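1. Sequence and predicted structure are below.
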Amino acid sequence: MKKVLGLDIGIRSVGWGIIDHETGEIIDDGVCLSLFDKPVGTPEPRDSPPDP
């Protein structure tokens with residue numbers, strides 16, 4: 001059985017689906033909304049220096 005993975009990558013979510021290539025039957029699907037709650041690799045804000 002040959003399977004096909006489909007992805008729908010959005011700004012705040014990733015949707016996915018797996019189908020059987022021969023029959024077109026949907027095997028599984030889903031969505032993940034919590035991947036982008038906080039950007040990865042974004043440094044924490046630092047305190048700004050006091051004004052002179």
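-> Now that the structure is in, tell me what you want to look at.

2. use CA for all of it now, contacts and neighbours both
-> Will do.

3. Compute the first-to-last residue distance for stretch 6-14.
-> 10 Å (Cα to Cα, to the nearest Å).

4. what does stretch 13-29 give?
-> 14 Å.

5. how near is V4 to G15?
-> The value you get for V4 to G15, if Cα to Cα is used, is 14 Å.

6. What segments of this structure are strands?
-> 3-9, 14-20, 26-32 (DSSP state E).

7. Please identify the buried residues of the last one?
-> Same thing as strand 26-32. Neighbour-count burial for strand 26-32, counted by 16 or more other Cα atoms under 10 Å, picks out no residue.

8. Partner strands of that strand and their direction?
-> strand 14-20 (antiparallel) (DSSP bridges).

9. Show residues contacting the partner strand.
-> Outside strand 14-20, the residues within contact range by Cα atoms under 8 Å, 6 or more residues apart in numbering are 1-9, 25-33.

10. now the strands of the chain in TSV, with mean pLDDT and distance to D47?
-> TSV is the format used below for the strands of the chain (pLDDT from 0 to 100; distance: least, Cα to Cα, whole Å):
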stretch	mean pLDDT	distance to D47
strand 3-9	94	35
strand 14-20	94	34
strand 26-32	92	34
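
11. who's the closest residue to I9 other than its chain neighbours bridged to?
-> Leaving aside its sequence neighbours, I9 sits nearest to G15 (Cα to Cα, 6 or more residues apart in numbering; 6.4 Å). Beta-bridge pairing for G15 (DSSP bridges): D8, V31.

12. G15: neighbouring residues, count only.
-> 14 (other Cα atoms under 10 Å).

13. Same check on D20?
-> When neighbours are defined as other Cα under 10 Å, D20 has 15 of them.
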